[in-house]
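S.K.: can't give you the sequence, but here's the structure:
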């Protein structure tokens, strides 16, 4: 991807080059924010699963154990 960006940057000039670089920077920022958001959501989900596994007193099929 970096090679393609460099090739396009070399071919463009003036306002087109600036616009393309602005687009690349905005896209990189968006992907960074998206990746961070996904990490936070997945980390919280994993923490909840660990908490439920080790700290919960609920038995999922408790009604079956009574028979």
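M.R.: That came through fine. What you see is a predicted model; the values in this text were computed from it and never measured.
S.K.: tell me the contacts of residue 48?
M.R.: By Cβ atoms under 8 Å, 6 or more residues apart in numbering, no residues touch residue 48. In this view, the C-beta of every residue, glycine as well, is placed from N, C-alpha and C.
S.K.: same question for residue 17.
M.R.: So residue 17 contacts residue 9 (Cβ under 8 Å, 6+ apart).
S.K.: which strand or helix spans it?
M.R.: helix 14-55 (DSSP states H and E).
S.K.: and that helix, average pLDDT?
M.R.: For helix 14-55, mean pLDDT is 93.
S.K.: chain center to it: distance?
M.R.: Here helix 14-55 shows a centroid-to-chain-centroid distance of 4 Å under the convention Cα atoms, centre = their mean, to the nearest Å.
S.K.: next: stretch 44-58.
M.R.: Distance of stretch 44-58 from its chain centroid, counting by Cα atoms, centre = their mean, is 22 Å.
S.K.: quick check: residue 48 vs residue 35, distance?
M.R.: To residue 35, residue 48 is 21 Å away according to Cβ to Cβ, to the nearest Å.
S.K.: residues near residue 24, how many?
M.R.: Look at residue 24: counted by other Cβ atoms under 10 Å, it has 14 neighbours.
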